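# Fold the stuff below for me.
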Amino acid sequence: MVYLDFEKPLADIEAKAEELRAMARKGEGAVDVEKEAAALDAKAQEMLRELYASLTPWRKTLVARHADRPHCSDYISALFTEFTPLAGDRAFGDDHAVMGGLARFNDAPCVVIGHEKGNDTKSRIHHNFGMARPEGYRKAIRLMDMAHRFGLPVITLVDTPGAYPGKGAEERGQSEAIARCTMKCLEIGVPLVSVIIGEGGSGGAVAFATANRIAMLEHSIYSVISPEGCASILWKDAEKMRDAAEALRLTAQDLKKLGVIDRIIAEPMGGAQRDPAAAIAAVGAEIGAMLADLSGMKPADLVRDRREKFRAMGAHALAA
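The predicted structure follows:
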């Protein structure tokens, strides 16, 4: 288990409990070692509950970025069958930060698209830490066109710090590709549902999440800019990221009140990283529920529903 900074007291308790169990396995210590370990476990569970019951926006940001949270590839492997990845944008190349293709969800054909961050150093570099380049968005456009042509629902899984800001990406039309991907989301006449499974950063996330129904995992985040980037611009000091996280209203709870998202998916105690299987199952159930909400709607009604949803955003506000 990788512990976040604010989880250090919890780490100490759980480490002590494991140390006692190691002693018991070796036949060392008093006979009540297991009883002491169980008491520490109970204390750790209570501390975990208290920590996660009152997470600040900045702590939620740290949880959303946790390296052990399940990634797009984990959700696809667990929730979808007959997944056939499709690569390339038919113009420049393939972007490994975006994965997508044809699959079956609950035995019904669909198209699934998502950001993949990778889970170790090698795979993170390969997937560019989930930061898509223009060809990634153009690949998504191609897949959405295919879904529209064959009447397949589109499911997107969002987990990106934002679009890649490199020189090459800008030269190949990064902003244009994001804008066209967002526009394509608004045009397709099939159900489009999106889940923010980790970070939803900037236009790189909006390009996949302009959907009929949007859900967020309880401890995920969704914002126009990262807290560090916001702090650097507003205060010229990236260390003010905690203040920026508060001001950005980037938590699932705030965004539900603002009408930006539709549903919040409960995570296992301690976050999705502590029980990936349970988190994946919860996301699967929510995707099924969102698709059921949209079943039977005509293409024109789906497009109208999506457009009206986003035109209405901004009608709600939160007290400062």
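# Contacts for stretch 282-295 next, please.
Outside stretch 282-295, the residues that touch it by C-beta atoms under 8 Å, 6 or more residues apart in numbering are 75, 78-79, 105-106, 153, 155, 191, 193, 195, 197, 212-213, 215, 217, 262-263, 265-267, 302, 305. Every C-beta, even on glycine, is put in place using the N, C-alpha and C of the backbone.
# so where do the helices sit in the stretch 51-200 of the chain?
With helices called from DSSP state H, counting those that start in this stretch, the stretch 51-200 of the chain shows them at 57-64, 72-79, 121-126, 134-150, 167-171, 174-187.
# which helices and strands does the first one pack with?
In terms of contacts (3 or more C-beta pairs under 8 Å, 6 or more residues apart in numbering; DSSP states H and E), helix 57-64 is packed against strand 221-223, helix 227-234, helix 241-248.
# Please enumerate residues in contact with the shortest one?
Contacts of strand 221-223 from elsewhere in the structure, counted by C-beta under 8 Å, 6+ apart, are 57, 60-61, 64, 158, 196, 199-202, 205, 209, 216, 230, 248-252, 255, 260-261.
# Just send the helices of the stretch 51-200 of the chain back as JSON lines, with distance to residue 112 and mean pLDDT too.
JSON lines is the format used below for those (distance: least, C-beta to C-beta, whole Å; pLDDT from 0 to 100):
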{"stretch": "helix 57-64", "distance to residue 112": "21", "mean pLDDT": "96"}
{"stretch": "helix 72-79", "distance to residue 112": "6", "mean pLDDT": "97"}
{"stretch": "helix 121-126", "distance to residue 112": "19", "mean pLDDT": "94"}
{"stretch": "helix 134-150", "distance to residue 112": "9", "mean pLDDT": "97"}
{"stretch": "helix 167-171", "distance to residue 112": "24", "mean pLDDT": "94"}
{"stretch": "helix 174-187", "distance to residue 112": "14", "mean pLDDT": "96"}
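# Select, out of these, the one closest to residue 87.
helix 134-150 (7.3 Å; C-beta to C-beta).
# quick check: angle from that closest one to helix 174-187?
20 degrees (axes from the mean of the first three to the mean of the last three C-alpha atoms, to 10 degrees).
# What's the mean pLDDT across the one helix or strand residue 256 maps to?
Element membership for residue 256, per DSSP states H and E: helix 252-258. Mean pLDDT, helix 252-258: 93.
# Which elements pack onto it?
Helix 252-258 is packed against strand 213-217, strand 221-223, strand 263-265, with contacts defined by 3+ C-beta pairs under 8 Å, 6+ apart.
# In TSV: those strands, plus mean pLDDT, mean neighbour count and distance to residue 86.
Putting the helices and strands packed on helix 252-258 into TSV (pLDDT from 0 to 100; neighbours: other C-beta atoms under 10 Å; distance: least, C-beta to C-beta, whole Å) gives the following:
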stretch	mean pLDDT	mean neighbour count	distance to residue 86
strand 213-217	97	25	24
strand 221-223	96	27	26
strand 263-265	97	19	27
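# Redo those as a markdown table? Include distance to residue 288.
A markdown table is the format used below for the helices and strands packed on helix 252-258 (distance: least, C-beta to C-beta, whole Å):
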| stretch | distance to residue 288 |
| --- | --- |
| strand 213-217 | 11 |
| strand 221-223 | 22 |
| strand 263-265 | 12 |
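# is it true that residue 253 touches residue 263?
No: contact criterion C-beta atoms under 8 Å: residue 253 and residue 263 do not qualify, at 11.9 Å.
# ok, residue 161 - contacts?
By C-beta under 8 Å, 6+ apart, the residues touching residue 161 are 129, 130, 131, 199, 201, 204, 226.
# Among those, which one lies nearest to residue 51?
Of all these, residue 199 has the smallest distance to residue 51: 20.4 Å, by C-beta to C-beta.
# Show me the beta-bridge partners of the closest one.
residue 221 (DSSP bridges).
# what about it, distance to residue 83?
23 Å (C-beta to C-beta, to the nearest Å).
# neighbour count winner among the two?
residue 199 (26 against 17; other C-beta atoms under 10 Å).
# What's the per-residue pLDDT of the more buried one here?
95.
# Many thanks, I have nothing further to ask.
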